[in-house]
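Peer 1: take a look and give me a structure for this.
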Amino acid sequence: MDNKKRCFWCNLNNPLYVEYHDNEWCKPNFNDDYLFEMLILESFQAGLSWECVLNKREAFIKAFDNFDIDRIVGYKEDKVNELLGNKDIIRNKLKIKAAINNANIFKKIQKEYGSFYNYLKIFTKAKIIYENDKVSSKLSDDISNDLKKRGMKFVGTTIIYSYLQAIGIINSHDDDCFLYKKDAP
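Peer 2: Below is the predicted model:
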């Protein structure tokens, strides 16, 4: 392990978490497949730690058919039951059903705006926000409220704020973290 200072929440004893912190979290990635994967994973985080979800990420990828949105929108009760029986993922029926529901709405948003990122840009104006020590903001409130109006579940403002951090719209590295940035270079 190197001696780099990282965000306080990063469990240095978990190489998966360190890798995620150093190479993925807060790094802009606006590919719709990634945006969909992270939205589903973040919705499973509700009431749990991100580390718990991250540790199960590979199992989620396998269980949810590589987050193939076209397959997920077609999931029926037999697939829900299969997922509920999968001890390697978070087995919460409401979250599993929400993932299917949210996949359908995600696709509708893609169709309406051309991509999910184009939809997010309505709120972000394609800007990266540099802030830390928050768990929600007006931005996450606005996106959360709109997604809820569209029928998405498990997309409260805290989940959406975490999502925006995960995909790199909000850069929230601690002030003393080696990845901290005040503003765009």
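Peer 1: tell me which residues of stretch 21-41 are tucked away?
Peer 2: 21-22, 25-26, 30, 32, 34-41 (16 or more other C-beta atoms under 10 Å). (C-beta placed from N, C-alpha, C; glycine too.)
Peer 1: so what touches it?
Peer 2: With contact meaning C-beta atoms under 8 Å, 6 or more residues apart in numbering, stretch 21-41 is reached by 6-7, 10, 53, 57, 60-61, 64, 67, 69, 99, 102-103, 106, 110, 115-117, 120, 128, 155, 163, 165-173, 179.
Peer 1: what about the strands in this protein?
Peer 2: Using DSSP state E, the strands assigned to the chain run over residues 129-130, 170-171.
Peer 1: can you say which of these is packed in most?
Peer 2: Of all those, strand 170-171 has the most neighbours on average by mean count of other C-beta atoms under 10 Å, namely a mean of 22.
Peer 1: list the neighbouring strands of that strand plus their orientation.
Peer 2: Sheet partners assigned to strand 170-171 using DSSP bridges are listed as strand 129-130 (parallel).
Peer 1: so for the strand it pairs with, mean pLDDT?
Peer 2: The average pLDDT within strand 129-130 is 96.
Peer 1: chain center to it: distance?
Peer 2: 17 Å (C-alpha atoms, centre = their mean, to the nearest Å).
Peer 1: can you check stretch 46-53 too?
Peer 2: With C-alpha atoms, centre = their mean, you get 11 Å for stretch 46-53.
Peer 1: ok, stretch 115-123 next?
Peer 2: Between the centre of stretch 115-123 and the centre of its chain there are 15 Å (C-alpha atoms, centre = their mean).
Peer 1: ok, residues contacting that stretch?
Peer 2: With C-beta under 8 Å, 6+ apart as the test, stretch 115-123 has contacts from 30, 32, 35-36, 106, 109-110, 112-113, 139, 142-143, 146, 169.
Peer 1: drop anything exposed from those.
Peer 2: For the contacts of stretch 115-123, a burial check counting by 16+ other C-beta under 10 Å picks out F30, D32, L35, F36, F106, I109, Q110, L139, I143, D146, I169.
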